[in-house]
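In: Fold the following and give me the result.
(chains A and B)
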Amino acid sequence: KAGVTQTPRYLIKTRGQQVTLSCSPISGHRSVSWYQQTPGQGLQFLFEYFSETQRNKGNFPGRFSGRQFSNSRSEMNVSTLELGDSALYLCASSSGLAGAEQFFGPGTRLTVL
Amino acid sequence: EDQVTQSPEALRLQEGESSSLNCSYTVSGLRGLFWYRQDPGKGPEFLFTLYSAGEEKEKERLKATLTKKESFLHITAPKPEDSATYLCAVQGRLNAGGTSYGKLTFGQGTILTVHP
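Out: A predicted model of the protein is given here:
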């Protein structure tokens, strides 16, 4: 069974640009969650999508947005990039049921110069 | 607000030297407590889910236990390949009583190094 895939694996952008990251969940999973991981803050929840609807959102500015397609693939977008957005962005796939385990992808390493 | 605190921040063991990692949590209505292993530059790898106090789960040299306030990850006779960061996370309920879907609150992790 294929795992969670994320593309691209690495990105270098400059301040003010925008970026789109992609995540394909495990086949049959309808929930995709996104996290930001930094050395200082650890893993922080961005948002969760289930059946193309955002069900939950973390405490991040509106520059961070996402969407989910009918095949459960998800994208997240960060607009007007800031230096502090440099991080490992992880997506996690699950069935979406309460308490269900989440399976993480390898992440996208974003560097903002 | 859900909170997770892991200790110690770092742990150095000799191969074969058993020990435990601690995860203390506060959560409004536990939906699940999760343990993950993360290697440098990779995404977290799922290890265990625990749902209620008294529950225990084992996998090879790892055993996870849960009480109402904390969880322990016991490592028996570790090997160098067990070296990694171990992360603990909780999923709770929303204030209104629903589930905080998708949101895992993570601790800062314990960096485990096992020397041969």
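In: Name all residues that make contact with the residue in chain B positioned nearest to chain A.
Out: Closest approach between chain B and chain A, counting by C-beta to the nearest C-beta: B:Gly102, at 2.5 Å. The way it works is simple: take the backbone N, C-alpha and C, and place the C-beta from them, glycine included. Contact analysis of B:Gly102 by C-beta atoms under 8 Å, 6 or more residues apart in numbering or on different chains lists A:31, A:33, A:45, A:47-50, A:55-56, A:92, A:94, A:96, A:102.
In: do the same with A:Glu48
Out: Taking C-beta under 8 Å, 6+ apart, one finds A:Ser31, A:Val32, A:Ser33, A:Trp34, A:Gln54, A:Arg55, A:Asn56, A:Lys57, B:Tyr101, B:Gly102, B:Lys103 in contact with A:Glu48.
In: What's opposite it in the beta bridge?
Out: Beta bridges link A:Glu48 to A:Ser33, A:Asn56, judged by DSSP bridges.
In: Contacts only, for residue 83.
Out: Using chain A here. A:Leu83 touches A:Arg15, A:Val112, A:Leu113, counting by C-beta under 8 Å, 6+ apart.
In: My question was about chain B, not that one.
Out: B:Ser83 makes contacts with B:Leu112, B:Thr113, B:Val114, as judged by C-beta under 8 Å, 6+ apart.
In: just A:Glu52 next, same as before
Out: A:Arg67, A:Gln68, A:Phe69, A:Ser70.
In: So which of the contacts of A:Leu83 sit within strands?
Out: Counting by DSSP state E, the contacts of A:Leu83 place A:Val112 in strands.
In: Give me the buried subset of the contacts of A:Leu83.
Out: A:Val112 (16 or more other C-beta atoms under 10 Å in any protein chain shown).
In: now the one helix or strand A:Leu46 maps to, how far from the chain's geometric center?
Out: Assessed by DSSP states H and E, A:Leu46 sits inside strand A:42-50. From the chain centre to the centre of strand A:42-50 is a distance of 7 Å (C-alpha atoms, centre = their mean, to the nearest Å).
In: which residues touch stretch A:93-106?
Out: Applying C-beta under 8 Å, 6+ apart, the set of residues contacting stretch A:93-106 from outside is A:3-6, A:9, A:23, A:25-26, A:28-33, A:50-51, A:90-92, B:31-32, B:34, B:36, B:42-46, B:49, B:51, B:91, B:99, B:101-102, B:104.
In: And it, how far out from the chain middle?
Out: Distance of stretch A:93-106 from the chain centroid (C-alpha atoms, centre = their mean) equals 13 Å.
In: Could you give me the buried positions within that stretch?
Out: Buried positions in stretch A:93-106, judged by neighbour count with 16+ other C-beta under 10 Å: A:Ser93, A:Ser94, A:Gly96, A:Ala100, A:Glu101, A:Gln102, A:Phe103, A:Phe104, A:Gly105, A:Pro106.
In: Where does confidence bottom out across those?
Out: pLDDT across these is lowest for A:Gly96, at 89.
In: quick one: that one from A:Arg30, how far?
Out: As judged by C-beta to C-beta, to the nearest Å, A:Gly96 and A:Arg30 stand 5 Å apart.
In: The helix or strand hosting B:Lys57: how far from the chain's middle?
Out: If you go by DSSP H and E, B:Lys57 is part of strand B:56-59. Put simply, strand B:56-59 sits 12 Å off its chain's centre (C-alpha atoms, centre = their mean).
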